[in-house]
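K.L.:
Any chance you can model this:
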Amino acid sequence: MFLRKTLLSAVVALAAPVMAASGGEAVSRITLEEAIITARTQSVDAAVALNELKTAYWQYRTFRADLLPEVNFQATIPSYRKNYSTYQLDDGSYTFVRNNNLQMSGVLSIDQNIWLTGGKLSLNTSIDYLKQLDGNRFDRFMSVPVALTLSQPVFGVNHIKWSRRIEPVRYEEAKAAFLSATETVAMRAVDYFFSLLMAKENLATARQNCDNSVKLYEVAKAKRKMGQISENDLLQLELNLLNDRSTLTDSESDFKAKMFQLRSFLGLDETVELEPVLPEAVPHAAIDYYDVLEKAKANNSFSKNIRRRQLEADYEVAKAKGNLREITLFAQVGYTGTAERFNLAYDRLKDNQVVEVGFRIPIIDWGKRRGQVKVAESNREVVESRLRQETMNFNQDIFILVERFNNQQAQLDIASRADTIAMKRYATNVETFMIGKISTLDLNDSQSRKDLSRQEYINELFRYWYYYYQLRSLTLWDFASGTGIDSDVEAIIKR
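P.N.:
Below you'll find the predicted structure:
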């Protein structure tokens, strides 16, 4: 009678659900979606991605500003000199003369880079003031009411033209990289979330196994007194109990460590107790390799990176060729006037014209500049070879990822079914063991299979979600909704 009551109470206890929380403490339930949203807004990785985007944004704004007219004011107020300087007399000899004067000057200019030619056009006005403080003291003003100045390299590389090609591509690359980085943050959130979820499941399993081992050991001791099991089986169950207690201790420590990792990544307070919720559904999507490849080439920062590096290699070759000879045109036309009073300095203006054409052509440089061109061309060929290889690797990685994702749905279904079967088998074996129809070895095997099947199901679920966000990161495309992943960059930067 005692044995029957013991067996009945053990079966009822084994069938009861096991609580995951310990010590009665309140915990905050968190879903995978909530973890991803929090990571995108609060994690350090998200902040780093945003700062990198801001840097790229202001670099692009600086480039755009270089294409617009620039208004500058330059002034010297004052310049005082009281010193001696050399002076050549009519007979060719030199002497020293004393300077004691005060000078002031101001220049207002409007400067515009010329996109087409790479030159610079300036419209300026200036006024200079000189006051002699020794000897024949006097004041003198010189005005340049208007002057138009052109500075133009003739055969050199047009830096502005190349910047207009490269910088927009660089900015598009940065925007795509930011969007990919947000998906990479989601991938890390998936990783930490499922690590905690796995630790939670392992802890729950360890508690259940430990409770089961205690009850089975108590039943086994009663059966041993009645001579229904051997001493060896009793010792084996006691050993199982000790192992389960050890596993429970390790699982508790691992659960706390994984919770700390997720909290730290999400930027949450250390007092927050998290309980991850097992995702009940997964996003289903039919993925085709060529469709994924097309979207990746159109949206991913990789394609922009390839284009930018190719342009930069071409730019280096153009600079090296431009350095073979240097010819610069400088021209200035305007008016100037001088007088002892400020208002008279703008009367009776005279022409002010300057035209200079300077050049520097190496006669003998022992092939240095030609060598620089060859080096730039060789570097460009190296870059082109690397880009071809990186493109092949990129396409290959996408093909492998698509195959893995498409295969993962079947793997997840198999793991789910295996988990259900293993749990039912273990529950059945527990009841069968209690009535003495299976050995401890069979019971241990069913327990191990149950634990492994549960772990494998969690792992397969993790891989599915991880592959899904990896595809989003590569393509910047939401396959569940069939829409692109985009955002208002300026609004993000200014918020």
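K.L.:
what's the spacing between T76 and D128?
P.N.:
T76 is 9 Å from D128, where distance means Cβ to Cβ, to the nearest Å. C-beta: built from backbone N, CA, C; applies to glycine.
K.L.:
Common neighbours of the two, please.
P.N.:
By Cβ atoms under 8 Å, 6 or more residues apart in numbering, T76 and D128 have these common neighbours: Q103, M104, S105.
K.L.:
okay, now the first one: neighbour count?
P.N.:
Going back to what we said before, that points to Q103. Counted by other Cβ atoms under 10 Å, the residues lying close to Q103 total 15.
K.L.:
isn't it right next to I77, touching?
P.N.:
No: using Cβ atoms under 8 Å, Q103 is not in contact with I77, being 9.4 Å away.
K.L.:
thinking again about what came up before, turn the shared contacts of T76 and D128 into a markdown table, columns for distance to L401, pLDDT and secondary structure.
P.N.:
Listed next are the shared contacts of T76 and D128 as a markdown table, based on distance: Cβ to Cβ, whole Å; pLDDT from 0 to 100; DSSP: H, G, I helix; E, B strand; the rest coil:
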| residue | distance to L401 | pLDDT | secondary structure |
| --- | --- | --- | --- |
| Q103 | 71 | 92 | strand |
| M104 | 69 | 93 | strand |
| S105 | 66 | 93 | strand |
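K.L.:
mind putting these in TSV, distance to R386 included?
P.N.:
Below are these laid out as TSV (distance: Cβ to Cβ, whole Å):
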residue	distance to R386
Q103	57
M104	57
S105	53
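K.L.:
The stretch 301-450 of the chain: helices as residue ranges?
P.N.:
301-322, 368-434, 440-475 (DSSP state H, counting those that start in this stretch).
K.L.:
and of the ones you listed, who's closest to S230?
P.N.:
helix 440-475 (9.6 Å; Cβ to Cβ).
K.L.:
What pairs with the helix or strand that that closest one is followed by, parallel or antiparallel?
P.N.:
Downstream of helix 440-475, the next assigned helix or strand under DSSP states H and E is strand 477-478. When pairing is defined by DSSP bridges, strand 477-478 lines up against strand 483-484 (antiparallel).
K.L.:
what mean pLDDT does the partner strand have?
P.N.:
Regarding strand 483-484, the rounded mean pLDDT is 88.
K.L.:
Please identify the buried residues of stretch 169-186?
P.N.:
For stretch 169-186, burial by neighbour count (16 or more other Cβ atoms under 10 Å) applies to 169-186.
K.L.:
could you dump stretch 484-495 to PDB, C-alpha only?
P.N.:
What follows is stretch 484-495, C-alpha atoms only, in PDB (Å, rounded to 0.1, in the frame of the first residue of the first chain):
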ATOM      1  CA  GLY A 484      12.500  47.600 -48.800                       C
ATOM      2  CA  ILE A 485      14.200  48.700 -45.600                       C
ATOM      3  CA  ASP A 486      14.700  52.400 -45.700                       C
ATOM      4  CA  SER A 487      14.600  55.400 -43.300                       C
ATOM      5  CA  ASP A 488      14.800  59.200 -43.400                       C
ATOM      6  CA  VAL A 489      18.500  59.700 -42.700                       C
ATOM      7  CA  GLU A 490      18.300  63.400 -42.100                       C
ATOM      8  CA  ALA A 491      15.500  62.900 -39.600                       C
ATOM      9  CA  ILE A 492      17.500  60.200 -37.800                       C
ATOM     10  CA  ILE A 493      20.600  62.500 -37.600                       C
ATOM     11  CA  LYS A 494      18.700  65.500 -36.300                       C
ATOM     12  CA  ARG A 495      16.600  63.700 -33.700                       C
END
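K.L.:
Can you name the residues in contact with that stretch?
P.N.:
With Cβ under 8 Å, 6+ apart as the criterion, stretch 484-495 contacts 50, 53-54, 57, 175, 178-179, 183, 299, 472, 476-478.
K.L.:
for it, which positions count as buried?
P.N.:
I485, V489.
K.L.:
Figure out how far it is from the centre of its chain.
P.N.:
15 Å (Cα atoms, centre = their mean, to the nearest Å).
K.L.:
swap in stretch 128-146?
P.N.:
On Cα atoms, centre = their mean, the centre of stretch 128-146 falls 59 Å from the chain's centre.
K.L.:
What are the buried residues along it?
P.N.:
Quick answer for stretch 128-146 (16+ other Cβ under 10 Å): D128, Y129, L130, R140, F141, S143, V144.
K.L.:
contacting residues around G92?
P.N.:
By Cβ under 8 Å, 6+ apart, G92 lies in contact with nothing.
K.L.:
what do you get for R165?
P.N.:
Applying Cβ under 8 Å, 6+ apart to R165 gives the contacts L311.
K.L.:
and Q409, how far is that from Y171?
P.N.:
With Cβ to Cβ as the criterion, Q409 and Y171 are 38 Å apart.
K.L.:
Likewise for K304?
P.N.:
9 Å.
K.L.:
And the helices in the stretch 1-150 of the chain?
P.N.:
So, for the stretch 1-150 of the chain - with DSSP H, counting those that start in this stretch - the helices run 2-15, 32-42, 44-66.
K.L.:
Kindly compare burial across the ones you listed and name the winner.
P.N.:
helix 32-42 (a mean of 18; mean count of other Cβ atoms under 10 Å).
K.L.:
Now do the helix or strand hosting K175, average pLDDT.
P.N.:
Per DSSP H and E, K175 falls inside helix 159-225. In this model, helix 159-225 has a mean pLDDT of 90.
K.L.:
With stretch 256-269 instead?
P.N.:
92.
K.L.:
Which positions within that stretch qualify as buried?
P.N.:
Neighbour counts over stretch 256-269 (16+ other Cβ under 10 Å) mark K258, M259, L262, R263, F265, L266, L268 as buried.
K.L.:
With stretch 385-400 instead?
P.N.:
So for stretch 385-400, counting by 16+ other Cβ under 10 Å, buried means L387, F394, I398.
K.L.:
Can you give the contact residues for that stretch?
P.N.:
Outside stretch 385-400, the residues that touch it by Cβ under 8 Å, 6+ apart are Y289, V292, L293, A296, F302, I306, R309, Q310, L474.
K.L.:
Figure out how far it is from the centre of its chain.
P.N.:
Centre-to-centre, stretch 385-400 and its host chain are 20 Å apart (Cα atoms, centre = their mean).
K.L.:
How about exporting it as CSV, limited to the C-alpha atoms?
P.N.:
In CSV, the C-alpha atoms belonging to stretch 385-400 read as follows (Å, rounded to 0.1, in the frame of the first residue of the first chain):
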residue,chain,number,x,y,z
SER,A,385,41.5,42.0,-59.1
ARG,A,386,40.5,42.2,-55.5
LEU,A,387,37.2,43.7,-56.4
ARG,A,388,36.5,40.8,-58.8
GLN,A,389,37.4,38.3,-56.1
GLU,A,390,35.4,40.0,-53.4
THR,A,391,32.4,40.1,-55.8
MET,A,392,32.7,36.4,-56.4
ASN,A,393,32.9,35.7,-52.6
PHE,A,394,29.9,38.0,-52.0
ASN,A,395,27.8,36.1,-54.6
GLN,A,396,29.0,32.8,-53.1
ASP,A,397,28.1,33.8,-49.6
ILE,A,398,24.6,34.9,-50.7
PHE,A,399,24.1,31.5,-52.5
ILE,A,400,25.1,29.6,-49.4
